[in-house]
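Chemist: Compute the structure for the input listed below.
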Amino acid sequence: MSRQSSGWSRAGAAVIVVAVIGVGAYLAHRARVANTPPPAPAATSASAASAAPSIRYPIAQAASGPAAATTAPLPTLGQSDTSVADALAALAGGADLRALLVPRQIIARIVATIDALPRHAIGSRILPLRTPQGAFVTDQAGGATVIGDRNAERYAPYMRVVDSVDPKMLVAWYVRYYPLFQQAYRQLGYPKGYFNDRLIEVIDNLLAAPDLAQPPAVELQQGHYVYVDPALESLSVGQKLLIRIGPADAARIKAKLRAIRADLTGAALPAAPVAH
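Modeler: Got it, this is the predicted structure:
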């Protein structure tokens, strides 16, 4: 077995933040070999800014659990980091989310990361969680280099957070803080956009990630691992990260995402097919 560092290894958590924070995603990084920086959100949202789209999933329809018994007003977006960090740590139960969380501009980072997950690149500067420890792990199988089984060990702290979060409590917190998410989304470059619609779009993109029976083949290109299969390499950065963390963890994340999506929209998706 070989252990190689790669551009991928600096980002494996992007998908998990989506499940943990209920707004779409985790630590992600660029997934392509090219060092071209991702497009600025404002540049990619020019068409979105030109017209006000109809709202598909109004936050008022979210079927969340009981909200916290408080009449305290929300903090401003710029002063929200302490209360957001405290709330997320409480939602994560015994999981040590604080050790993973980047404690600055938390909501803005979550929003920017979620918005980037369906794309093909993402900048490390926007990530809301710290990146996994250790190097990307590969194995040799049938003469090919594949993602190693032990690679999933790097994501164990993040998966403990995912497993600890109750979707209804998470959605209840998200609904309460939604005005700040909406403000951050508009500041990102979508002055007429609606963040909850984008979140559902991102969740659907992640749920559409293929479920692979065998670890996919990868190869080094200019110091970074890429998928050998062009169809896999052409997937969104969020979908590729779900494949990379392994089928068992990906299935747990997808199950959590389905529950979150159902609470946000008031409609459950059909059950996922059982893999044979």
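
Chemist: ranges for the helices of the protein?
Modeler: Taking DSSP state H as the criterion, the chain carries its helices at 14-21, 41-44, 46-50, 81-91, 106-116, 156-164, 167-176, 178-188, 195-207, 230-233, 237-244, 247-265.

Chemist: for those, which one ends up most surrounded?
Modeler: Mean neighbour count, computed with mean count of other C-beta atoms under 10 Å, is highest for helix 14-21 among these, reaching a mean of 30. Yep, even glycine has a C-beta here, placed from its N, CA and C like the rest.

Chemist: what about this structure, any weak spots by pLDDT?
Modeler: 1-53, 63-71, 94-95, 267-276 (pLDDT under 70).

Chemist: Can you add distance to residue 145 and give the helices of the chain back as a markdown table?
Modeler: Shown next, in a markdown table, are the helices of the chain (distance: least, C-beta to C-beta, whole Å):
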| stretch | distance to residue 145 |
| --- | --- |
| helix 14-21 | 22 |
| helix 41-44 | 33 |
| helix 46-50 | 40 |
| helix 81-91 | 37 |
| helix 106-116 | 27 |
| helix 156-164 | 23 |
| helix 167-176 | 37 |
| helix 178-188 | 37 |
| helix 195-207 | 26 |
| helix 230-233 | 14 |
| helix 237-244 | 14 |
| helix 247-265 | 18 |
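
Chemist: To residue 136, which of the ones you listed lies closest?
Modeler: Closest approach to residue 136 among these is made by helix 237-244 (8.3 Å; C-beta to C-beta).

Chemist: quick check: angle from the closest one to helix 195-207?
Modeler: Here helix 237-244 runs at an angle of 40 degrees relative to helix 195-207 (axes from the mean of the first three to the mean of the last three C-alpha atoms, to 10 degrees).

Chemist: gap between helix 237-244 and the chain center?
Modeler: Centroid displacement of helix 237-244 relative to its chain, using C-alpha atoms, centre = their mean, to the nearest Å, is 10 Å.

Chemist: again with stretch 161-176
Modeler: 14 Å.

Chemist: Equivalent analysis for stretch 257-268, please.
Modeler: Mean C-alpha position of stretch 257-268 versus that of the full chain (C-alpha atoms, centre = their mean) differs by 16 Å.

Chemist: for stretch 137-144, same thing?
Modeler: Between the centre of stretch 137-144 and the centre of its chain there are 27 Å (C-alpha atoms, centre = their mean).
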